[in-house]
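# okay, predicted coordinates and the sequence, questions at the end:
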Amino acid sequence: MQGKKAITSMEAPAAIGPYSQAVQVEDWLFISGQIPLEPKSGKLVAGGIAAQAEQVMAHLGAILKAADLTFDALVKTTIYLIDLKDFAVVNEIYGRYFSVDSAPARATVQVAALPKGALIEIDGVARCP
């Protein structure tokens with residue numbers, strides 16, 4: 001596809017399958033679901049949902065940075081949780097990355113399982129200037 005460009009960051013874990021960390025097509029950046037793996041070791045972050053949510057947000061930030069964007073560029077995210085009881089903790093951490101005026105549209109869903117036993121995964125779509 002003409003104009004399709006893979007975006008990668010060494011500060012986020014390498015893809016664990018046949019996909020890109022993110023793909024930019026014209027004015028849009030599509031960020032693949034990020035799970036809380038340590039970028040260098042590829043191991044799941046210890047410490048429960050709060051530590052895992054922080055790690056996932058760091059991955060999103062690193063990928064946005066690799067595309068010369070910030071969290072303000074995100075227009076849509078989806079949060080996948082193993083347990084919706086973790087919603088309040090995740091919501092508090094997630095909310096620190098956005099002002100009220102710049103928060104993207106979002107869906108949060110509970111899922112049966114996530115890769116590598118993660119408790120959380122977040123994907124996103126950003127608009128490039």
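Done, it's in.

# can you give me the offset of stretch 95-113 from its chain's centre?
Offset of stretch 95-113 from its chain centre (CA atoms, centre = their mean, to the nearest Å): 10 Å.

# which outside residues touch it?
Residues from elsewhere that reach stretch 95-113, judged by CB atoms under 8 Å, 6 or more residues apart in numbering: 57, 61, 71-72, 74-84, 87, 90, 124. C-betas here are computed from N, CA, C, even on glycine.

# buried among those? Need that as a selection in ChimeraX.
Those of the contacts of stretch 95-113 that count as buried under 16 or more other CB atoms under 10 Å are selected in ChimeraX with:
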select :57,61,71,72,74,77,79,80,81,82,90,124
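
# which of the contacts of stretch 95-113 fall within helices?
Using DSSP state H, the subset of the contacts of stretch 95-113 located in helices is 57, 61, 87, 90.

# the contacts of stretch 95-113 in strands, which ones?
Secondary structure defined by DSSP state E assigns 74-81, 124 of the contacts of stretch 95-113 to strands.

# could those residues be laid out in TSV, adding pLDDT and distance to Phe30?
Shown next, in TSV, are the ones in strands among the contacts of stretch 95-113 (pLDDT from 0 to 100; distance: CB to CB, whole Å):
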residue	pLDDT	distance to Phe30
Leu74	98	11
Val75	98	11
Lys76	98	10
Thr77	98	12
Thr78	98	12
Ile79	98	16
Tyr80	98	16
Leu81	98	21
Gly124	98	8
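
# pick out the most distant pair among the residues you listed.
Val75 and Leu81 (21.1 Å; CB to CB).
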